[in-house]
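Q: Provided below for reference: sequence and predicted model.
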Amino acid sequence: CSFCRFRPTLKSLGSPHWARAIARKSNIVSEQRFPRRGRVIGHQAFWVLWGGQLVSLLGSTAASFALGLIVYAETGNVAVLALITGVSTFGSIYLAPVCGAVADHFDRKPTALFCNVALALVASILAWIAYLGVGERVPWLLGLVFVSALFNTGLSVTLAASVRELRSEANLTRVNGVTSLLENGPIVAGPLLGAAIYAFLAPALIFVLDASTFLLCALVVLFVRWPPRPATGRTLRLRPFAGAAAGLAHIWRERDLRTLQLSFAGVNLFNGLAIAAMTAFVVSASTEGKDAWNLAAVNVAGALGLLLGSVIVFALATRVDRRWLIAGGVVCGALVGRLLLVVTVIPVIWVLAYTVRNLCVQASNAPLTAIWQERVPKDIQATVFGARRLMGQGLYPLAVLVGGLLGAGALNDSAAVEWVLTTIGLAFAGVDSGITAVILIAGAGELILGLVLLTSKALRKLTHAPEPSEDDSDPAKARTNPAPT
């Protein structure tokens, strides 16, 4: 056999020491080279799992793009599009802690498998509705979008919680650079694929493709083996709302994590304020006939910025202090992505601003996610990640609405705002003063929060990767303290 490089005597083979050594070596060889039942484990499982996720996300982004086209083409009602967005947001943000608590109650593998199969079923029903025509089936469509948002959220937090279980690095920043690159790649290719199928084939086929990619991802999950959950000696009841409350309480108890998350809740608040105003600025400041092209250009630039940010994180993960990636990304995104945008009406500068803005967003998000994966106990990561999403993004939809109202109403009608913008040379023809003011306010708020994070003791402490615990080296001990889910 491969581990016998010399011939021990018959007497030595009979000793307990050799018996234990041979058994231990046999287990290592069988686990590393010949996974049982053809399944993949460890780092190899990580690559297989996220490879399937890449294909699945390609189908999902194509379907998401096509859904808006189909609904508006058949109903001609913007209110229906708004309802679809609202229902999806409610499920993915406000119910995220509940989805995370349910995901933590079960093993990672059956949870990921069930979510993929459920999403494939939802996509198949959407294909049937697209084939028959939306028409009076809008209520069914809204219900399916809501269910899809729930299962997508459950799958998302499950995969995020699996990184710490499948990877052994103390610093997970580079790993998250890889996952963000795989997740952002379909943002560019997915809409193009959806538009091609919509234009040249049949809209329903887009959802058939989406269902097929989910089934493929489910098949991939079957061949991945997570570290086993050890027996606890007691049966846990499924209590989703109690588990969600426990996730929020965990963040609130941890002072450094609480400070970090509240800071990014503020960043997301200012981001929501500016999101509609930035679109309005590009459209209204464009020359006649160029508005659609300029808007398309900045959107593509934003998607490419996310990909470039993932590449930069992967390259600099172990070379640059994560504090500079996280806080520096917020500061740079505010200066270039917000303030630079409104000082000129040159489209090339807008493209640069959108690219740098999303590059900085990704440079902040990947190491930030790594910090949470390193600091949160493995057995409650999905619960905490769901609570983190609610705390960080809960005010975002309201901020989008407030930003639109301020840009079109209160700030736009203010003579003081008009005078200030004229004085500093930011009053452009065709651009409402309220739109520019909202972008400036949001950029200033993000800049202040970024500087606060840069000098924060909490971020300085969290950016140092913790020492590997005993649980990290022994998968059997990974989940011995289950959360109250």
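A: Right, received. Where do you want to start? Since the model is a prediction, treat every value here as computed from it, not as a measurement. Numbering: from 1, shown residues only.
Q: what's the distance between the longest helix seen in the chain and the middle of its chain?
A: Ranked by residue count, the top helix of the chain under DSSP state H comes out as helix 42-75. When distances are taken as CA atoms, centre = their mean, to the nearest Å, helix 42-75 is centred 13 Å away from the chain's centroid.
Q: just stretch 205-217 next, same as before
A: Mean-position distance between stretch 205-217 and its chain equals 20 Å (CA atoms, centre = their mean).
Q: Likewise for stretch 452-461?
A: Using CA atoms, centre = their mean, the distance from the centre of stretch 452-461 to the centre of the chain it belongs to is 23 Å.
Q: again, but for stretch 320-331
A: Between the centre of stretch 320-331 and the centre of its chain there are 18 Å (CA atoms, centre = their mean).
Q: Dump it to CSV, keeping only the CA atoms.
A: In CSV, the C-alpha atoms belonging to stretch 320-331 read as follows (Å, rounded to 0.1, in the frame of the first residue of the first chain):
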residue,chain,number,x,y,z
VAL,A,320,-3.3,45.1,1.5
ASP,A,321,-4.8,45.6,4.9
ARG,A,322,-8.5,44.8,4.7
ARG,A,323,-9.2,48.0,6.5
TRP,A,324,-8.0,50.0,3.5
LEU,A,325,-10.1,47.8,1.1
ILE,A,326,-13.3,48.2,3.2
ALA,A,327,-13.1,51.8,4.3
GLY,A,328,-11.0,53.0,1.4
GLY,A,329,-13.5,51.6,-1.0
VAL,A,330,-16.3,53.6,0.7
VAL,A,331,-14.3,56.8,0.6
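Q: what's the distance between Val298 and Ser180?
A: Distance from Val298 to Ser180, counting by CB to CB, to the nearest Å: 21 Å. (Each C-beta comes from the backbone N, C-alpha and C, glycine too.)
Q: just to revisit the earlier point, show me what the next helix or strand after the longest helix of the chain packs onto, helices and strands only.
A: Later in the chain than helix 42-75, the nearest helix or strand by DSSP states H and E is helix 78-89. In this structure, helix 78-89 makes packing contacts with helix 42-75, helix 138-166, judged by 3 or more CB pairs under 8 Å, 6 or more residues apart in numbering; DSSP states H and E.
Q: Leu411: neighbouring residues, count only.
A: Leu411: 23 surrounding residues under other CB atoms under 10 Å.
Q: leaving aside the residues next to it on the chain, what's closest to it?
A: Spatial nearest neighbour of Leu411, chain neighbours left out: Gly434 (3.8 Å); criterion: CB to CB, 6 or more residues apart in numbering.
Q: what's the neighbour count on Asp413?
A: By other CB under 10 Å, 12 other residues sit near Asp413.
Q: That one: what secondary structure?
A: coil (DSSP: H, G, I helix; E, B strand; the rest coil).
Q: Show the pLDDT at it.
A: The predicted structure scores Asp413 at 72 on the pLDDT scale.
Q: and Arg323, what does it touch?
A: With CB atoms under 8 Å, 6 or more residues apart in numbering as the criterion, the residues that contact Arg323 are Leu454, Leu459, Arg460, Thr463.
Q: and these as TSV, adding pLDDT?
A: Putting the contacts of Arg323 into TSV (pLDDT from 0 to 100) gives the following:
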residue	pLDDT
Leu454	91
Leu459	90
Arg460	90
Thr463	82
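Q: In PyMOL, how would I select just the buried ones from those residues?
A: Selecting only the buried entries of the contacts of Arg323 in PyMOL, with 16 or more other CB atoms under 10 Å as the criterion:
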select buried, resi 454+459+460+463
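Q: Give the buried residues for stretch 284-297.
A: Buried-residue list, stretch 284-297, by 16+ other CB under 10 Å: Ser284, Ala285, Ser286, Asn294, Leu295, Ala297.
Q: The nearest residue to the third one once chain neighbours are set aside sits in which helix or strand?
A: Same thing as Ser286. In this structure, Ser286 finds its nearest non-sequential neighbour in Asn294, 4.6 Å apart by CB to CB, 6+ apart. Under DSSP H and E, the secondary-structure element containing Asn294 is helix 291-316.
Q: now the next helix or strand after that helix, how far from the centre of its chain.
A: Later in the chain than helix 291-316, the nearest helix or strand by DSSP H and E is helix 322-334. Centre-to-centre, helix 322-334 and its host chain are 18 Å apart (CA atoms, centre = their mean).
Q: where does Val224 fall, phi/psi-wise?
A: Backbone geometry at Val224, expressed as degrees, to the nearest 10, gives phi -100, psi 130.
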